[in-house]
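Asker: 3D, please:
(one chain, ligands or ions: 1)
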Amino acid sequence: MRRHPFIAALAVLALAAPAAAQNFGGQPRGFTMENPVLRRIWAMGMDSSMLQTYAQVLFDSIGPRLVGTPQMDAAQDYMLRSYAALGITARKERYGTWRGWRRGRSRIDLVQPRLRSLEGTMLGFSPGTPNGRAVRAPVVLLPDVADSAAFVQWLPQAAGKFVLVSFPQPTCRPDESWTAHATAETVTRMRAQRDTLQRAWTDRIRRTGYPGGLSNGNIARRLDQAGVAGVLTNTWSAGWGVDKIFSAVTARVPVFDVSCEDYTMLYRLALNNQGPVVEAMAESQFLGEVPSSNVIAEIRGSELPNEYVLLSAHFDSWDGGSGATDNGTGTITMLEAMRILKAAYPNPRRTILVGHWNAEEMGLIGSRAFAADHPEVVTGLQALFNQDNGTGRIQNVSAAGLIGAVPALARWVANLPADISRNVTFGFAGSPAGGGSDNASFICSGAPGFGLGSEGFDYFAYTWHTNRDTYDKLNWEDLRNNATMVAMLAYLAADDPEHVSRDRRTVMPAGQGGAPGQWPACVQPPRQTPNPVER
Ligand SMILES: [Zn+2]
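Answerer: As a prediction, this is how the structure comes out:
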């Protein structure tokens, strides 16, 4: 064999490093892994990561994965192709239907009293403007009415106009900025004034008789019936330039989210009788109830095929951004873990499954349907690892209320390299997830469903359900750490000579208002769109 200068350099290094490290480029600091499978998992996770490739195609080229949209189909097809390329068996497993919708173009411009392109987009599942053509109309405020009768009396005046229905934030500057730069007295007064205005706004909406939810659902529906041109909303996420983008419930007219800055400007223009007029267009298409499926991939167990390690991460997203951290990161973490496992541990003792769940955002529907449709997996579950809170390093692992699972988790974690485990805090015995993400769909049966909690990375303000949930926000080092960790945990759980015990904690933490804590109950998911909007 010809000696390459690089190989010679490695041989010198190897004198200082433990012999076991010679076959593998990198090895974690502070830990010598004797186990060849763990060494190979580490090397693959660190040196040949596919995370950026998967992320770039999914988030940039295909885009968000709202349930019922053609992009969801395209993204699921990409997952099937990716698994096929790895030689891993994967399938789309249909469990029900959801209302189909295709997002087209949308834009909104202020045209009076001056021209300005506004930062705005139609909400998910919004109707478009008639034939997708631009509509030019005045912008009006919701009136401050005495009661519902007065509101209904006012409604004819709103016909053909764009109506502002969200609270006009007094400041679109995040609180951190105020705290950093203003005097403490100013911050206190600003917050108090904002609270007063917010309460007054809630009252004003309540008096219409159509109190609103996240997107002022009821009131938007009533305005729709009254023949307005469109509904303008703002769900500010309390950070610079960031809004949460959910879905519309109107049957005929579009609902736009307009950025905090632009929305409040429209509000001030209308309030001061300066005659704001906007021109807006939106294209969308309703496709009726369409099939909805999970993507399931599998590496079959060689000794105990009816026992399962399940990697879990929801696949669907809201569609204001690309769903990069919610839950694109969980998605590519599990796909990458499967890629690593297929190479490093191709014949697992137990079956390793991955569930890329659909419709988590609509109420954990995909995972709940899978749990209901696959009692054999729930019964045979050795461990489920779910990740669903963004790009940060995994730092919280809980035994989910299963005291019987503590020794198993401790065994597995003791085998993780210190580079990974030193960042992790363990919650023993912890509590079962009651909702929030898909581990809840399994732990409700007492099956070992563990959540892997990541460092926050400004998730709730800046990326979770927002228009800024995009590729650029990802932290590749932490994601490599997470995929490597998940692959290691999956291997250790699948290979463990012992079966994970399901003994539960006997005393649960108190619930709301001090009520006795209960083990969360399983919920049967809807198999089609509940309360579809009449169109
Ligand atoms: Zn999520």
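Asker: Centre of the chain to the helix or strand hosting Leu223, how far?
Answerer: Remark: Leu223 resides in helix 217-225, with elements defined by DSSP states H and E. Counting by C-alpha atoms, centre = their mean, to the nearest Å, helix 217-225 is centred 27 Å from the centre of its parent chain.
Asker: Would you mind listing the buried residues in that helix?
Answerer: Gly217, Ile219, Ala220, Arg221, Arg222, Leu223, Asp224 (16 or more other C-beta atoms under 10 Å). (C-beta placed from N, C-alpha, C; glycine too.)
Asker: Out of those residues, the closest to the ion would be?
Answerer: Gly217 (21.0 Å; C-beta to the ion).
Asker: what does this protein have sitting close to the ion?
Answerer: Within the chain, the positions adjacent to the ion are Asp326, Asn327, Asp388 by C-beta under 5 Å from the ion.
Asker: Confirm that the second one sits in a helix.
Answerer: It stands for Asn327. Yes - judged by DSSP: H, G, I helix; E, B strand; the rest coil, Asn327 forms part of a helix.
Asker: show me what contacts it?
Answerer: Contact analysis of Asn327 by C-beta atoms under 8 Å, 6 or more residues apart in numbering lists Ala313, His314, Phe315, Asp316, Ser317, Glu360, Gln387, Asp388.
Asker: And the residue of the stretch 51-200 of the chain that's closest to the ion?
Answerer: Among the residues of the stretch 51-200 of the chain, Arg65 lies nearest to the ion; the distance is 11.0 Å by C-beta to the ion.
Asker: what's the neighbour count on the nearest residue in space to Leu492 that is not next to it in sequence?
Answerer: Excluding the flanking residues, the one nearest Leu492 by C-beta to C-beta, 6 or more residues apart in numbering is Trp412, at 4.0 Å. For Trp412, the neighbour count with other C-beta atoms under 10 Å is 21.
Asker: which residues touch Trp412?
Answerer: Residues near Trp412 by C-beta under 8 Å, 6+ apart: Met488, Leu489, Leu492, Ala493, Asp496.
Asker: could you redo the last one with a cut-off of 7 Å?
Answerer: Leu489, Leu492, Ala493 (C-beta atoms under 7 Å, 6 or more residues apart in numbering).
Asker: Quick one: the contacts of Asn327 as TSV, columns for neighbour count, pLDDT and secondary structure too.
Answerer: Formatted as TSV, those follow (neighbours: other C-beta atoms under 10 Å; pLDDT from 0 to 100; DSSP: H, G, I helix; E, B strand; the rest coil):
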residue	neighbour count	pLDDT	secondary structure
Ala313	28	98	strand
His314	28	98	strand
Phe315	27	98	coil
Asp316	30	98	coil
Ser317	29	98	coil
Glu360	28	97	helix
Gln387	29	97	coil
Asp388	23	97	coil
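Asker: For the ion, state which of these is nearest.
Answerer: Asp388 (4.4 Å).
Asker: these two touch, right, that closest one and His314?
Answerer: Yes - counting by C-beta atoms under 7 Å, Asp388 sits close enough to His314 to count as a contact (6.1 Å).
Asker: Now do the same contact list for Leu310.
Answerer: Leu353, Gly355, Val377, Leu381, Leu384.
Asker: Among the residues you listed, which are located in strands?
Answerer: Of the contacts of Leu310, the ones assigned to strands by DSSP state E are Leu353, Gly355, Leu381, Leu384.
Asker: ok, so of those residues, who is nearest the ion?
Answerer: Gly355 (13.7 Å).
Asker: pretty sure that closest one contacts Phe370?
Answerer: Yes - between Gly355 and Phe370 there is a contact under C-beta under 7 Å: 6.0 Å.
Asker: which of those two has more neighbours?
Answerer: Between Gly355 and Phe370, Gly355 has the larger neighbour count (other C-beta under 10 Å), namely 28 against 25.
Asker: so what's that one bridging to?
Answerer: Note on Gly355: beta-bridge partners by DSSP bridges are Ile296, Ser312.
Asker: so who does Leu118 touch?
Answerer: The neighbours of Leu118, taking C-beta under 7 Å, 6+ apart as the test, are Ile108, Asp109, Leu110, Val258, Asp262.
Asker: Check what pLDDT whichever residue of the stretch 151-300 of the chain sits closest to the ion gets.
Answerer: For the stretch 151-300 of the chain, the residue closest to the ion is Lys244, as judged by C-beta to the ion, at 12.8 Å. We note a pLDDT of 97 for Lys244 in this prediction.
Asker: Number of residues surrounding it?
Answerer: Applying other C-beta under 10 Å, we find 21 residues neighbouring Lys244.
Asker: thinking again about what came up before, ok, the buried residues of helix 217-225 vs Val406, which is closest?
Answerer: Nearest to Val406 among the buried residues of helix 217-225 is Gly217, at 43.4 Å by C-beta to C-beta.
Asker: Tell me if I'm right that the residue of the stretch 51-200 of the chain closest to the ion and Asp73 touch.
Answerer: No - counting by C-beta under 7 Å, Arg65 stays clear of Asp73, with 9.5 Å between them.
Asker: Show me which of these two is the more surrounded one.
Answerer: Arg65 (28 against 18).
Asker: For the stretch 201-350 of the chain, which residues score under the pLDDT cut-off?
Answerer: Applying pLDDT under 70 to the stretch 201-350 of the chain picks out residues 212-217.
Asker: Do a quick rundown of the helices in it.
Answerer: Here the stretch 201-350 of the chain has its helices, by DSSP state H, counting those that start in this stretch, at 217-225, 260-271, 329-344.
Asker: okay, those helices, which one's buried deepest?
Answerer: helix 329-344 (a mean of 26; mean count of other C-beta atoms under 10 Å).
Asker: Who are the packing partners of that one?
Answerer: The contact analysis (3 or more C-beta pairs under 7 Å, 6 or more residues apart in numbering; DSSP states H and E) places helix 329-344 against helix 36-47, helix 51-55, helix 70-86, strand 277-299, strand 304-314, strand 350-357, helix 476-495.
Asker: run the last query once more with 6 Å
Answerer: Judged by 3 or more C-beta pairs under 6 Å, 6 or more residues apart in numbering; DSSP states H and E, helix 329-344 is in contact with helix 36-47, helix 51-55, strand 304-314, helix 476-495.
Asker: Tell me how many other residues crowd Asn423.
Answerer: With other C-beta under 10 Å as criterion, Asn423 counts 16.
Asker: Please give me every residue in contact with it.
Answerer: Going by C-beta atoms under 6 Å, 6 or more residues apart in numbering, Asn423 touches Arg393, Gln395.
Asker: Just the element for it, please.
Answerer: Residue-wise, Asn423 maps onto no helix or strand under DSSP H and E.
Asker: pLDDT at it, what is it?
Answerer: For Asn423, the model assigns a pLDDT of 90.
Asker: Okay then, goodbye and thanks.
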